[in-house]
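Q: sequence first, predicted coordinates after that:
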Amino acid sequence: MRHLPYFCRGQVVRGFGRGSKQLGIPTANFPEQVVDNLPADISTGIYYGWASVGSGDVHKMVVSIGWNPYYKNTKKSMETHIMHTFKEDFYGEILNVAIVGYLRPEKNFDSLESLISAIQGDIEEAKKQLDLPEHLKVKEDNFFQVSKSKIMNGH
Ligand SMILES: Cc1cc2nc3c(=O)[nH]c(=O)nc-3n(C[C@H](O)[C@H](O)[C@H](O)COP(=O)(O)O)c2cc1C
Ligand SMILES: Nc1ncnc2c1ncn2[C@@H]1O[C@H](COP(=O)(O)OP(=O)(O)O)[C@@H](O)[C@H]1O
Ligand SMILES: [Mg+2]
């Protein structure tokens, strides 16, 4: 993966409302434009990395890029699950994402239960990988510092 780490930000939009929240795994979806601008050699699949909302703290995350074969989406999506409990939804806010590693290709599953347990496995693996020094350092990247600085138009 020549393009990793890959940094991007975008506004959080509504997804298909398939109730990933009810499954306990909400995913913050990016607009089509952000998905269309991904480099051609970032293949579809499941990745892990770091994310922050607006100027908030940086947390571990997993991200799914592709067509969600279980649901047979016709539009490519990029959805981030952040390993943090937020007090409220953050639709419309800016999500900052640094993708640092690849986990697996997207798959179809026989049941919703097997999709859920695959995602839970991804989350556990991501948490472990992100503790490696080479990945921890990306958390401190200037990309996240810039998003913390106040927007100014003073003298
Ligand atoms: C870590 C992770 C792995 C995922 N893996 C798959 C997968 O292998 N196949 C699949 O069809 N969907 C996969 N998904 C996507 C879920 O199907 C998707 O999050 C769910 O459809 C919710 O979509 P919504 O945001 O439009 O409500 C994955 C999502 C996450 C966060
Ligand atoms: N830990 C979290 N990770 C991602 N999104 C979260 C999290 N906690 C709350 N949310 C909120 O939940 C929304 C996603 O829920 P989801 O059920 O996937 O709906 P949608 O189909 O609209 O994407 C996000 O846009 C965000 O506002
Ligand atoms: Mg979602």
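A: Received the coordinates, thanks. Residues are numbered from 1 along each chain as shown. Ligands and ions are numbered 1, 2, ... in the order given.
Q: tell me the secondary structure of I119, please.
A: When classified by DSSP: H, G, I helix; E, B strand; the rest coil, I119 comes out as helix.
Q: please renumber the chain so that the first residue is 41 from this point on.
A: That works, and once the first residue is 41, the last one we named lands at I159.
Q: for the closest residue to it other than its chain neighbours, helix, strand, or coil?
A: Nearest non-adjacent residue to I159, counting by C-beta to C-beta, 6 or more residues apart in numbering: I65, 5.5 Å away. Quick note: C-beta positions are derived from backbone N, CA and C, even for glycine. Taking three-state DSSP as the rule, one finds I65 in the coil state.
Q: what's the burial count for I65?
A: Residue neighbour count, defined by other C-beta atoms under 10 Å, stands at 17 for I65.
Q: residues contacting it?
A: 121, 156, 159-160, 163 (C-beta atoms under 8 Å, 6 or more residues apart in numbering).
Q: could you flag which of those are buried?
A: The neighbour count (16 or more other C-beta atoms under 10 Å) marks 121, 159, 163 as buried among those.
Q: neighbours around the closest residue to ligand 2 within the chain, how many?
A: As assessed by C-beta to the nearest ligand atom, ligand 2 sits closest to G55 within the chain, at 2.7 Å. G55 has 16 neighbouring residues, counting by other C-beta under 10 Å.
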